[in-house]
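S.K.: Return a 3D structure for these sequence lines:
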Amino acid sequence: MSELFNEVDEDLRREQLKKIWEKYSLLIIAVAILIVVGVGGWRGYSYLEAKKAAVAGAAFDRAVELAEQNKHAEAEAAFTKLAAEAPSGYRTLARLRAAAEAASRDPQAAVKLYDDIIADRTVPAPEQDLARIRAGSLLLETTPYEAMQTRLEPATTNTSTYRHSARELLALSAWKANNAVATRQWLDMMSNDAETPASLRTRAEALQALLPPAAKS
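M.R.: Numbering: from 1, shown residues only. Predicted coordinates:
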């Protein structure tokens, strides 16, 4: 008797499946096709992106080689091309390197390139701060302390990756401007930050020794 019931149940299930297939077969096939196409498309996209990244990486290495050979004009052109055409991971690096190469021929042109990076809100904060530091280094000898402060102070916060270099540049700028109070402020920030690198701490102590007695800690 149980075998009879089993056979009846199986017939009912087959009949239900048949009805479901007749009603939804086109939808099921369409969903299956979409899944296959989606997986294939994603794999194709991943392959193309990996290929683009490999090509960009090789081009970046060639541009670095040009820079190391002091072929600055060729290196700048190569980095500029990468900044325009490479995948996003290489664009900001290429822009920073293009600006560095431009500095060898025209520091003001390099500063303009760094400023473009700083103003670009799609660029991550650490790279923006690095651009501030590099531009500040080029401007240290010719720019008033107040302008340097405006330029570099955003990079001096406790969470900034390049805060140590920014503080050192501002201390030097203030010292050149005979602003002992501001010099001491930045040197104290360097001294009180446990993560200040030893080399920068040593230079800060040397600059501190040059301050007039009233301005020393």
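
S.K.: in terms of contact, does residue 57 touch residue 90 like I think?
M.R.: Yes: with contacts counted by CB atoms under 8 Å, residue 57 reaches residue 90, the gap being 7.3 Å. C-beta: built from backbone N, CA, C; applies to glycine.

S.K.: neighbour-wise, which of those two wins?
M.R.: Taking other CB atoms under 10 Å, residue 57 and residue 90 do not tie; residue 90 has more neighbours (21 against 15).

S.K.: Let's see the pLDDT reported for that one.
M.R.: pLDDT, residue 90: 83.

S.K.: Hmm, it is touching residue 79, no?
M.R.: No: the pair residue 90 / residue 79 is not scored as a contact, 9.6 Å apart, by CB under 8 Å.

S.K.: Find residues that contact each of those two.
M.R.: Common contacts of residue 90 and residue 79, defined by CB atoms under 8 Å, 6 or more residues apart in numbering, comprise residue 60.

S.K.: helix or strand for the closest residue in space to residue 135 that isn't next to it in sequence, which one?
M.R.: Spatially, and ignoring its direct neighbours in sequence, residue 135 is nearest to residue 114 (3.8 Å; CB to CB, 6 or more residues apart in numbering). Using DSSP states H and E, residue 114 maps to helix 107-119.

S.K.: other SSEs contacting that helix?
M.R.: Secondary-structure packing of helix 107-119 (3 or more CB pairs under 8 Å, 6 or more residues apart in numbering; DSSP states H and E): helix 88-102, helix 125-139.

S.K.: Next, the angle helix 107-119 makes with the last one.
M.R.: Between the axis of helix 125-139 and that of helix 107-119 there is an angle of 160 degrees, by axes from the mean of the first three to the mean of the last three CA atoms, to 10 degrees.

S.K.: buried ones in helix 125-139?
M.R.: By 16 or more other CB atoms under 10 Å, the buried positions in helix 125-139 come out as 127-139.

S.K.: State the pLDDT value of the nearest residue to residue 134 once chain neighbours are set aside.
M.R.: With CB to CB, 6+ apart as the criterion, residue 134 has its nearest non-adjacent residue at 5.6 Å, and that residue is residue 114. On pLDDT, residue 114 comes in at 97.

S.K.: how much space between residue 114 and residue 133?
M.R.: 9 Å (CB to CB, to the nearest Å).

S.K.: ok, now residue 94?
M.R.: 18 Å.

S.K.: which residues sit in contact with the residue nearest to residue 134?
M.R.: Going by CB under 8 Å, 6+ apart, the list of residues near residue 114 reads 96, 99, 131, 132, 134, 135, 138.
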